[in-house]
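# just a sequence and a predicted model for now, questions to come.
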Amino acid sequence: MSRFFTERYASLVPYIPGEQPQDMQYVKLNTNESPFPPSPGVVEAAAREAGNCRLYSDPESRLVSEAFAASLGLKREQVLACNGSDETLNFAFMAFGRELAFPDISYGFYPVFAELNHIPYTEIPLRKDLSLAPEDYYGLHKMIVLANPNAPTGMALKRDEIEAIVKANPDEVVLIDEAYVDFGAESAVGLIEKYDNLLIAQTFSKFRSLAGARLGFAIGDAALIRDLNTIKYATNPYNVNRMTSAAGIAALEEDAYYRANARTIQANRRFTTDALRALGFEVPESSSNFVFARRPGLSGETLYRELKKRGVLVRHFSKPRIDDYVRVTIGTREQMDIFLRETETVIKEVLV
Ligand SMILES: *Cc1c(COP(=O)(O)O)cnc(C)c1O
């Protein structure tokens with residue numbers, strides 16, 4: 001820390017993103033990216049728009065917002081385009097967070113954004129089996145943040161369970177982070193018209209293969225979206241760049257391509273879950289594009305390290321309750337075959 005860093009952030013512990021190694025080619029299953037490239041129209045549209053970068057982007061992100069809202073049967077006033085979901089989360093915490101509640105095991109950025117914005121927070125323990133008890137979130141009088149499906153467990157709540165939580169906290173915003181919803185969970189978007197305290201974050205990073213473009217949306221009542229706009233125009237009016245907006249519109253037009261990819265991921269998830277269980281792993285049923293797995297007698301740290309030596313990158317969290325697990329992104333069938341083969345080797349060599 002330099003002698004100029006303000007006391008305001010002296011104790012801030014930043015988020016640690018998954019490795020993006022530049023040294024060698026790994027079978028990269030550590031940051032839940034899509035193994036499939038963006039669709040052809042996306043690449044073309046972004047390249048074409050690059051020629052217009054002399055001009056600022058549209059601060060209202062009108063075209064991509066209209067296209068996205070239309071894809072959900074909503075109006076433009078009910079969505080806000082952001083520089084990835086992470087920006088949506090930060091804006092929402094700034095706008096609505098007096099006190100926060102979220103699970104003890106969830107997306108690692110929630111406590112970081114809470115600290116950044118000096119918002120007190122409570123971490124509510126998941127059950128022993130890592131499932132989430134909806135009743136734990138009734139009548140909290142705190143802003144609630146839930147990832148559905150949850151990360152890194154992959155487990156999802158039903159739409160009715162989300163609705164019960166939203167209903168039981170009418171005086172607070174309930175933020176549902178749907179980063180992985182398109183891989184098999186139920187979206188809460190259909191509840192937007194019914195509840196003015198429901199805010200949803202979706203992203204183009206996972207399902208739509210655009211992690212490097214940075215595009216996400218807040219979805220909610222028009223009054224919530226206006227408040228988020230106040231924060232946005234106080235932070236970064238041109239938060240979504242021209243290439244990304246063009247890419248986003250094209251990605252919505254080529255929806256069928258992404259749906260087909262998601263079906264492949266679901267099939268590979270089934271295959272991987274079954275294969276890991278056959279190797280002695282415990283694997284909760286995932287509704288996401290990753291699985292969370294542990295094997296008695298094999299530490300998560302060891303498996304992570306041994307796989308990395310063998311060119312396979314997975315994610316390990318040194319955190320109480322989950323440090324014996326690894327989180328494995330579901331990739332192509334070829335990638336999963338390599339991952340499973342190397343995992344089997346590690347088991348044989350380590351558990352002698
Ligand atoms: C990946 C992820 C995000 C962040 O997505 P970006 O749109 O890339 O910022 C948000 N929430 C969860 C739970 C995620 O896993």
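Everything's here; your move. Numbers count the residues shown, from 1 in each chain.

# which residue ranges form the strands in the stretch 1-150 of the chain?
27-28, 79-82, 100-103, 121-124, 143-147 (DSSP state E, counting those that start in this stretch).

# ranking those strands by burial, who's on top?
Counting by mean count of other Cβ atoms under 10 Å, strand 79-82 has the highest mean neighbour count of the strands of the stretch 1-150 of the chain, with a mean of 28. From N, CA and C alone the C-beta is placed, and that goes for glycine too.

# in its sheet, what does it sit against?
Partners of strand 79-82 in the sheet, by DSSP bridges, are strand 216-220 (antiparallel).

# is the ligand within reach of the strand it pairs with?
Yes - Strand 216-220 is in contact with the ligand by Cβ under 6 Å from any ligand atom, via residue 216.

# next: stretch 239-255.
No - against the ligand, stretch 239-255 shows no contacts by Cβ under 6 Å from any ligand atom, the least distance being 11.2 Å.

# quick one: mean pLDDT for that stretch?
Average pLDDT, stretch 239-255: 98.

# just how off-centre is it within its chain?
19 Å (Cα atoms, centre = their mean, to the nearest Å).

# now do the buried residues in it.
239-252, 254 (16 or more other Cβ atoms under 10 Å).

# for this protein, which residues are neighbours of the ligand?
So the chain meets the ligand at 32, 84-86, 107, 147, 151, 177, 179, 203, 205, 211, 216 (Cβ under 6 Å from any ligand atom).

# next step: those restricted to helices.
The helices in this structure, assigned by DSSP state H, contain 85-86 from the residues of the chain next to the ligand.

# among the residues of the chain next to the ligand, which one lies nearest to residue 284?
residue 151 (12.2 Å; Cβ to Cβ).

# could you pull up the residues touching the residue nearest to that closest one when sequence neighbours are not counted?
Spatial nearest neighbour of residue 151, excluding adjacent residues (Cβ to Cβ, 6 or more residues apart in numbering): residue 107 at 5.1 Å. Neighbour list for residue 107: 147, 151, 177, 179 [criterion: Cβ atoms under 8 Å, 6 or more residues apart in numbering].

# what about residue 266, how many neighbours?
Residues near residue 266, counting by other Cβ atoms under 10 Å, number 17.

# repeat that for residue 259.
Residues lying near residue 259 (other Cβ under 10 Å) number 11.
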